[in-house]
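Chemist: 3D, please:
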Amino acid sequence: MNGSSRVYDVVVLGAGPAGENLADRTSAAGLTSVIVENELLGGECSFWACEPSKALLRPALARADALRVPGLRRAADAPLDVPAVFAHRDRMAFHWKDDDQADWLDSISVDLVRGHGRLDGPRRVVVGTADGDTLSLTARHAVGVSTGTRTALPGLPGLDQVRPWTNREATSARQVPDRLAVVGGGVVAVEMATAYRALGSQVTMLVRGHRGLLNRMEPFAGDMVTDALRAAGVDVRFGTSVTGVAREAGPGGTVRVETDEGEALVADEILFATGRAPRTGDIGLETLGLTPGDWLTVDDSYRVTGVPGGWLYAVGDVNHRALMTHQGKYQARIAGGVIGARAEGRELDDGMWGAHASTADSAAVPQVVFTEPEVAAVGLTSQDAERSGRRVRVVDYDIGRVAGAVQYADGYRGKARVLIDAERGTVVGATFVGPGTQELLYSATVAIAGEIPVERLWHAVPAFPTISEVWLRVLETYRDSGGTLI
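Modeler: Okay, here's the model as predicted:
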């Protein structure tokens, strides 16, 4: 390339799922598009998060299900085949190769530049390419930033020398540590604790607060996951902060972990699952008057605020709206449509639930936590409703009483909570905890996004005997008692 330059309609910085979808949608709108990436195409989700983590978790959850099914317990009551689990994980992570992703970009007529891209003033991105050259890219209409996030590590002295695990090391490990310390109580922490306990590790979870696991979800969800982890042999400790870490010298050196309670524990590896930070420290934000390392604040069309001209967009985790792959892809679809419409001078359909509106970011964000039991949630929690002053009726139901749950597993334990707007009579939030509940989530998402009145939901008949019959039981409970008004 030798210091060359190119001009496109749209330049996308970052080829994770959000960036790929943004380039796809702008290309589909007839705009010339290029995507810049300095790692693997497909990003964190494909190679170090969603795909490999669920590959590690699937055998653990399938075995847990089988142990509750008559006729399967004896066959399932054996250790997991670790080499086979890791081999499956490797396949699901495409053996950390992105050839298929590159072929897909070519099939949708999106150009690819491999290298480190930095903003360099309005509508300009300068790329230090993989072969050592410099390429200048200019966008006629828009630049999209989708550089994602990294693990936010604490400022502990000597942490680098300890070689701590983040989600990347946890999902790509070649061996199962005998002892694993997990610092944190969020999604990554509980999922990796679940996976590695099932694979044979002695797992200790160190959770700084006292609010429990998964504290952004309904409290009963975290309580049920805590009970299950402890029943599986995980040592879950609340109100415990890590104050120091040190690794013994030499191959296989263990990690000594000190806590604020004056205790110490020894582990073979330590995983920090302590939140996320934006990958914006070295992408040229200072050339636009923005602060490197900050989250990118956007409006409801995903334009970055504070940048004159409205040409800079941010989608995915980097805008801090909803740090989940599927939501980043949703944002990219919306933003791609917005960019295409503005390029053609068309009026935006930006009313609530419109084609160019980011409504789901605030009203219907779905999430599944692949623990045992599973947690599936969308929309408001009861805490959200209380904080916002919104009047809702909270309807709870024991999923274990549903015939489909009894068929699914002996001793099924689960709980459903549905929030119904007290004035409009529509579902605004739902949380399901229990084996197999991930498959209930899309119906709840449709009910919220469609703003379907409860009276109409009576006509959505769940098949018998399935776990989805919990919807009928929730409606009956609402009809008979009205639920708890908050």
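
Chemist: Please make it C-alpha for all contacts and neighbour counts, starting now.
Modeler: OK.

Chemist: quick one: Ala5 and Asp133 touch, right?
Modeler: Heads up, residue 5 is Ser, not Ala. No - using CA atoms under 8 Å as the test, Ser5 is too far from Asp133 to be in contact (11.3 Å).

Chemist: Give me the common contacts of these two.
Modeler: Listed as contacting both Ser5 and Asp133 by CA atoms under 8 Å, 6 or more residues apart in numbering is no residue at all.

Chemist: Which residue, other than its chain neighbours, is closest to Arg6?
Modeler: Residue nearest to Arg6 in three dimensions, not counting chain neighbours: Leu137, with 5.1 Å by CA to CA, 6 or more residues apart in numbering.

Chemist: Same check on Val7?
Modeler: Nearest one to Val7, counting by CA to CA, 6+ apart, is Thr138 at 4.8 Å.

Chemist: Would it be right to say that that neighbour lies in a helix?
Modeler: No - counting by DSSP: H, G, I helix; E, B strand; the rest coil, Thr138 is not part of a helix but strand.

Chemist: That one against Ser4, yeah?
Modeler: No - counting by CA under 8 Å, Thr138 sits too far from Ser4 to count as a contact (11.4 Å).

Chemist: From Val298, how far out is Gly306?
Modeler: Distance from Gly306 to Val298, counting by CA to CA, to the nearest Å: 9 Å.

Chemist: Of these two, which one has the most company?
Modeler: Val298 (18 against 14; other CA atoms under 10 Å).

Chemist: beta partners of that one?
Modeler: Bridge pairing for Val298 (DSSP bridges) gives the partners Val304.

Chemist: returning to what we had before: so what's the residue count around the residue nearest to Arg6?
Modeler: Using other CA under 10 Å, Leu137 is surrounded by 24 other residues.

Chemist: helix/strand/coil for the nearest residue to Tyr412 once chain neighbours are set aside?
Modeler: In space, and not counting its chain neighbours, Tyr412 is closest to Gly400: 5.1 Å by CA to CA, 6+ apart. Look at Gly400: counting by three-state DSSP, its state is helix.

Chemist: quick one on the thing from earlier: so Thr138 and Ser4 - more neighbours on which side?
Modeler: Neighbour count, other CA under 10 Å: between Thr138 and Ser4, Thr138 has more, with 21 against 10.

Chemist: and that one, how far is that from Gly275?
Modeler: Here the criterion is CA to CA. By it, Thr138 lies 34 Å from Gly275.

Chemist: Same check on Ala430?
Modeler: 24 Å.

Chemist: Check which residues of stretch 205-218 are buried.
Modeler: Met205, Leu206, Val207, Arg208, Gly212, Leu213, Leu214, Asn215, Met217, Glu218 (16 or more other CA atoms under 10 Å).

Chemist: contacting residues around it?
Modeler: Taking CA under 8 Å, 6+ apart as the rule, stretch 205-218 contacts 181-187, 189-190, 193, 219, 221-223, 225-226, 234-242, 377, 381-383, 431.

Chemist: mind running it again at 7 Å?
Modeler: Residues from elsewhere that reach stretch 205-218 (CA atoms under 7 Å, 6 or more residues apart in numbering): 181-187, 222-223, 226, 235-241, 381-382.

Chemist: can you check stretch 225-236 too?
Modeler: Residues from elsewhere that reach stretch 225-236 (CA under 7 Å, 6+ apart): Thr194, Arg197, Gln202, Val203, Thr204, Met205, Leu206, Leu213, Glu372, Pro373.

Chemist: Identify the residues contacting the residue nearest to Val255 when sequence neighbours are not counted.
Modeler: Excluding the flanking residues, the one nearest Val255 by CA to CA, 6+ apart is Arg247, at 4.3 Å. Arg247 makes contacts with Val162, Gly253, Thr254, Val255, Arg256, as judged by CA under 7 Å, 6+ apart.

Chemist: Could you rank those by neighbour count and give me the top one?
Modeler: Highest neighbour count within those: Val255, with 23 neighbours (other CA under 10 Å).

Chemist: what's the pLDDT at that one?
Modeler: Listed pLDDT for Val255 reads 96.

Chemist: And Ala130, by the same measure?
Modeler: 82.

Chemist: For it, give its distance to His116.
Modeler: Per CA to CA, Ala130 is found 8 Å from His116.

Chemist: residue contacts, Gly414?
Modeler: Residues in contact with Gly414 (CA under 7 Å, 6+ apart) are Asp398, Ile399, Gly400, Val433, Gly434.

Chemist: do you know how far it is from Gly434?
Modeler: Distance of Gly414 to Gly434, computed by CA to CA: 4 Å.
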